[in-house]
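> Sequence and predicted structure below; questions after.
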Amino acid sequence: MARKIFLFAIMIVNLLMLDRAAWAQDDYFPPPGIFIPCCSPGGTGGYTGATYGENGQSAWRQVWGAAPGDVVTFRFVLRARSAGSLHAWPQTTGGDGMTYIGDPNNPYEKWYWNTGQRSSGGTFCIDCPWQFTANYWNPWIYVEYWDSGDGWDVDLNIVNIQTPQKSWLALFTDPDKNTAGGLSNAFSAMEGFWMGSGSVLAGSDWKLGAILGAASWVAGKLAGYYDKIHNDPWDGDFCSDSWGSYYGDTSVSWVRDYDPWSGGWFITSIEQMTAAGNMASTAIDRAASAAAMGEIDCGFARRDEAMWALHEMGAWMGYFQWSLQTIADQNPDIDMSAIYGTLWLPDWGKSFLGGLQ
């Protein structure tokens, strides 16, 4: 019954998306009421130069004063728009964990502008914050862009450079928590994006719609797990181990029968990620609670369990990323940009979890 309800929901969303397509051709960027600070097409922003051509790098800016371990916060600011789409991601030459930390409900900070037309919109925001941890002195930040029209212009403006402090338990640093918060927001936004994209792909092959529906579901779960790193809910049972919470969620395991492409790894990775995520969530809560009560032995025991579970979740997220790409690669006749354009997120999540110490 659950499978029938899920497929029916996909079909309904698909019909709504098809209906939307009728008027989406009139959509444009920016939408009414949204203001872009500068209006000089051709790239006259203060620190960048425009993204002329289809692929390349621009908006180079050096972060003077940043030392290894410092957390750098900056803003991606759109200064001029042009014909064609823009797909741009902030990068750094000397850091880890590049993280979108904006509010997806704020139209200026929203990331992704899908207008229904290739002549406008794309992957960017108007004015949104990003963050990363430096691993070299004075690193550079820049924009990597592809499949973009001429004349777009972006500034990267430094907001803050912060040296983190660790607690006595050293469970997570402040930048760890900030990165986890950004990952939680990103997976939460991806939940809706994958569900909408799945409804569109279902028109070409309903099995692909089911695949992205399952990806949407697990994105919501992952958002919750990363939020547990960002926040520390109380758990008074902090001297009990967390191994009993290592169990996978099988809510979308039925999709395994409709995946002829990944050899079962797509659903297996989801089951294992949720098992490790459940254990990590429990261990994190108990470790933080033990720290608050001064229970050192219990705190460090739960910390070790949390780190094991988080590393395990990161390893399975690598399989999740691989299986998504494999599914996309085996459907060359279908536009799989909804997968190819989002593989950065599990890659980022995997790298973050694997780097926790």
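Perfect, I can see it now. Residues are numbered from 1 along each chain as shown.
> Quick one: the helices in the stretch 151-300 of the chain, in order.
Under the criterion DSSP state H, counting those that start in this stretch, the stretch 151-300 of the chain carries helices at the ranges 174-201, 206-230, 265-292, 296-329.
> Adding mean pLDDT and mean neighbour count, write the ones you listed out as JSON lines.
No exception for glycine: its C-beta is placed from N, CA and C like everyone else's. Output for those, formatted as JSON lines (pLDDT from 0 to 100; neighbours: other C-beta atoms under 10 Å):
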{"stretch": "helix 174-201", "mean pLDDT": "78", "mean neighbour count": "22"}
{"stretch": "helix 206-230", "mean pLDDT": "83", "mean neighbour count": "22"}
{"stretch": "helix 265-292", "mean pLDDT": "87", "mean neighbour count": "24"}
{"stretch": "helix 296-329", "mean pLDDT": "89", "mean neighbour count": "20"}
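> Turn those into JSON lines, including distance to residue 107.
Conversion of these to JSON lines gives the following (distance: least, C-beta to C-beta, whole Å):
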{"stretch": "helix 174-201", "distance to residue 107": "14"}
{"stretch": "helix 206-230", "distance to residue 107": "21"}
{"stretch": "helix 265-292", "distance to residue 107": "31"}
{"stretch": "helix 296-329", "distance to residue 107": "29"}
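> which one of those helices lies closest to residue 335?
helix 174-201 (8.4 Å; C-beta to C-beta).
> Run through the neighbouring helices and strands of the closest one.
Other helices and strands packing on helix 174-201, by 3 or more C-beta pairs under 8 Å, 6 or more residues apart in numbering; DSSP states H and E, are helix 2-24, strand 71-80, strand 95-100, strand 127-134, helix 206-230, helix 337-340, helix 344-355.
> what residue ranges in the stretch 51-200 of the chain score low on pLDDT?
51-54, 80-85, 113-122, 146-151, 164-177 (pLDDT under 70).
> and of the helices of the stretch 151-300 of the chain, who's closest to residue 158?
Taking the helices of the stretch 151-300 of the chain one by one with C-beta to C-beta, helix 174-201 is closest: 15.8 Å.
> between that closest one and helix 206-230, how many degrees?
Going by axes from the mean of the first three to the mean of the last three C-alpha atoms, to 10 degrees, helix 174-201 is angled at 160 degrees with respect to helix 206-230.
> shift numbering so it begins at 48
I'll keep to 48 as the first residue from here, and by that count the last item is helix 221-248.
> chain center to helix 221-248: distance?
In terms of C-alpha atoms, centre = their mean, to the nearest Å, the centre of helix 221-248 is found 4 Å from the chain centre.
> Check stretch 306-314 too.
22 Å.
> what does it contact?
Applying C-beta atoms under 8 Å, 6 or more residues apart in numbering, the external contacts of stretch 306-314 come out as 254, 258, 261, 299-300, 302-303, 366-367, 369-371, 373-374, 377-378.
> Quick one: end-to-end length of it, please.
9 Å (C-alpha to C-alpha, to the nearest Å).
> swap in stretch 188-202?
End-to-end span of stretch 188-202 (C-alpha to C-alpha): 11 Å.
> try stretch 296-307
End-to-end distance (C-alpha to C-alpha), stretch 296-307: 21 Å.
> tell me the mean pLDDT for that stretch?
Stretch 296-307 carries an average pLDDT of 89.
> Okay, buried residues for that stretch please.
By neighbour count on 16 or more other C-beta atoms under 10 Å, the buried set for stretch 296-307 is 296, 298, 299, 302, 303, 305, 306.
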